[in-house]
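Novice: this is a predicted model, with the sequence first.
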Amino acid sequence: MSEHEKQTLGFQAEVKQLLQLMIHSLYSNKEIFLRELISNASDAADKLRFEAINNASLFENDADLKIKVSFDKEARTITIADNGIGMTRDEAVLHLGTIAKSGTKEFFGKLSGDQQKDAAMIGQFGVGFYSGFIVADKITVESRRAGTSAAEGVRWESAGEGDFSVEAIDKADRGTSITLHLREGEDEFLSSWKLKSVIRTYSDHISLPILMQKEEWDEEKKAQVLKDELETVNQASALWARSKSDITPEQYEEFYKHVSHDFQAPLTYTHNRVEGRSEYTQLLFIPSRAPFDMWDRNKRGGIKLYVKRVFIMDDAEQLMPVYLRFVKGVIDSNDLPLNVSREILQESRDIKAIREGSTKRVLGMLEELANADEQEKKDKYATFWTEFGQVLKEGIGEDATNKERLAKLLRFASTHNDSDAQTVSLADYLSRAKEGQDKIYYVTADSYIAAKNSPHLEIFRKKGVEVLLLTDRVDEWMLSFLTDFEGKELASVAKGDLDLGKLEDEAEKKQHEATETEFKDLVEKMKTALADKAKDVRVTFRLTDSPACLVADENELSGNLVRMLKAAGQAAPESKPILEVNPDHPLVQRLKYEEAKFADWSHILFDQAMLAEGGTLVDPAAFVKRLNEMLLSK
């Protein structure tokens, strides 16, 4: 079949799934269809303006970019038309029939079936064009790409079910018109007043003029009638270019939804004009929840780049470090060339200055929330940390310039609290430090329960010393860069010799020396018995209840990190742990007089210690056999 004939094609499976979810989940907020379609029309105009920088003929003697919204009561249709970049037939099939977006599988996997929660995720995914099906049972799209002939227009049509049709048409003017054939019961949108109200609420910030037919009162008909004259419904100026005093919080919120496709309000935002060697305007937002593809580090950033109000590119990743990839917004430079490319951005000194300035501005926003006295701001930072804390931790290793600022923003769970909530800052920890305490103590584990119940904490509980409980996967990596805070060393309670410094008195130290001497022979026998498992065996005073624990040497990877690397299929350096035994525990005391089963008891203590820290036994069957024999022995 020739591509010029009408063809019926099937939607991609994900599109069909998205349509069903969206129509049902977003119906209570159906007005957003107009915002989404106008936003797409604005993007199409931005793309034309950018391409026309190097090819002015694309304007086709019509450089006055605009969006027109109209309706037909009799036909029960609404049409949103633009004279932007337009689409070819292949582009229409690609953009309107498939979801060409990374993370699509993960997105659908995270949907819960809860319409309210799913609505927020669907918004972040970006429903765009498909939102029209919330109010329409059929959509007709007619488009022609700028720079092509009138005969190369395309008509795309679908009832939003399993398929769509596409055919060639003659279209004199470039751009795209989208006609929505309304469902029964949606006639409220067939009104100038209603459409203008929605546009002014959701799309007032659009920098292009949004045009509608004027209305006037007809005395004879006793009704409002449409005139042939058009009027601009919105302010039609770039919101970020306006004075902050002229912009309401609601306008900022709607602009955020425009650039992010999120349905929820942002957590906070900053709007600034920066002057100096590099001049630019920044309007940056922090979302109130993490997007579904947050952990895709290859995903481009969420910043739109403009040069002197001219759109240059979406997702300009060079404008924000990777660990701040959740930030959304706009940066408008007065210094960059209009024909700037991604390659030029990588080398630009101006871009480096913008990146550094914007990074500091975002950190400033977070500091304002984190250090606030007002409960509302404190709650906002708690929300931020829950959603984005693990991503922010990446900055400790990636941004040496701002490492100290980032360290103050970190939050952890700790033994000071009885919950897994990460609310303790390093400054909080130091404010509660014991007299003479010269370290910040922490333990790492793969879960809060494992960390809280770690045998390594026993001596710290006895002495009332707080320990941070680190359970995020990024923590082990972060700790290789965060070695101290305000002059205090960060020390793992599960690595190296336990040195409590001034937290131990002289009498305790002398008692420890005497005990080590008393158990010297026992320790040597255990070293021999466990030569294939343990790097060393020694007496410990970090335990009060458990018989034994495993520790890593000071300069070796922790057991938790080794397990994480292996679980991820990565090679981990082979090293044996150190077994530390509690001389006051009855099992260890018994070993002093055990002869026949000494090796078996030693292996059981080692295996128990491995299990207690969340490790996996090399030979679990041998452990079970030994334990059963011990239980049955008299």
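Specialist: Cool, got the structure.
Novice: going by C-alpha atoms from here, please, whenever you check contacts or count neighbours.
Specialist: Will do.
Novice: which residues touch E184?
Specialist: Not one residue lies near E184 by Cα atoms under 8 Å, 6 or more residues apart in numbering.
Novice: wasn't it part of a strand?
Specialist: No. Assigned with DSSP: H, G, I helix; E, B strand; the rest coil, E184 falls outside any strand and is coil.
Novice: so I303 bridges to which residues?
Specialist: Going by DSSP bridges, I303 is paired in beta bridges with G329.
Novice: surely it touches D314?
Specialist: Yes. With contact defined as Cα atoms under 8 Å, I303 counts as touching D314 (6.5 Å).
Novice: center of the protein, which residue is that?
Specialist: Central residue of the chain (Cα atoms, centre = their mean): M294, 3.3 Å from the mean position.
Novice: where's that one relative to Y202, distance?
Specialist: 26 Å (Cα to Cα, to the nearest Å).
Novice: just the mean pLDDT for the strand or helix carrying M610, thanks.
Specialist: Assigned by DSSP states H and E, M610 belongs to helix 598-612. Average pLDDT, helix 598-612: 91.
Novice: and that helix, what's buried?
Specialist: 598-610, 612 (16 or more other Cα atoms under 10 Å).
Novice: please apply the same query to stretch 269-287.
Specialist: Applying 16+ other Cα under 10 Å to stretch 269-287 flags 269-272, 278-287 as buried.
Novice: now I604, nearest residue through space, not along the chain?
Specialist: Computed as Cα to Cα, 6 or more residues apart in numbering, the closest residue to I604 that is not its neighbour in sequence is F623, at 6.5 Å.
Novice: and the contacts of the one helix or strand the one you found maps to?
Specialist: Of the helices and strands defined by DSSP H and E, F623 is found in helix 620-632. The contact list for helix 620-632 (Cα under 8 Å, 6+ apart) reads D600, H603, I604, D607.
Novice: now the helices: where do they sit in the stretch 501-634 of the chain?
Specialist: 506-518, 520-529, 559-567, 586-591, 598-612, 620-632 (DSSP state H, counting those that start in this stretch).
Novice: helices and strands around the second one, which ones?
Specialist: If I follow you right, that is helix 520-529. strand 536-539, helix 598-612 (3 or more Cα pairs under 8 Å, 6 or more residues apart in numbering; DSSP states H and E).
Novice: and the angle for that helix with helix 598-612?
Specialist: If you take axes from the mean of the first three to the mean of the last three Cα atoms, to 10 degrees, helix 520-529 sits at 80 degrees to helix 598-612.
Novice: could we number from 654 for the rest of this?
Specialist: Shifting the count to begin at 654 puts that one at helix 1173-1182.
Novice: report the buried residues of helix 1173-1182.
Specialist: L1175, V1176, K1178, M1179, K1180, A1182.
Novice: quick one: distance of stretch 982-991 to the chain centre.
Specialist: When distances are taken as Cα atoms, centre = their mean, to the nearest Å, stretch 982-991 is centred 25 Å away from the chain's centroid.
Novice: and it, average pLDDT?
Specialist: Mean predicted lDDT for stretch 982-991 stands at 88.
Novice: using PDB, list the CA coordinates for it.
Specialist: Listed in PDB are the C-alpha atoms of stretch 982-991, where the atom choice follows Å, rounded to 0.1, in the frame of the first residue of the first chain:
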ATOM      1  CA  GLY A 982      13.100  24.700  35.300                       C
ATOM      2  CA  VAL A 983      14.400  27.200  32.800                       C
ATOM      3  CA  ILE A 984      17.800  29.000  32.400                       C
ATOM      4  CA  ASP A 985      17.900  31.900  29.900                       C
ATOM      5  CA  SER A 986      21.300  33.200  29.000                       C
ATOM      6  CA  ASN A 987      22.200  36.600  27.500                       C
ATOM      7  CA  ASP A 988      25.700  35.600  26.500                       C
ATOM      8  CA  LEU A 989      25.500  32.300  24.600                       C
ATOM      9  CA  PRO A 990      25.300  32.200  20.800                       C
ATOM     10  CA  LEU A 991      21.900  31.300  19.400                       C
END
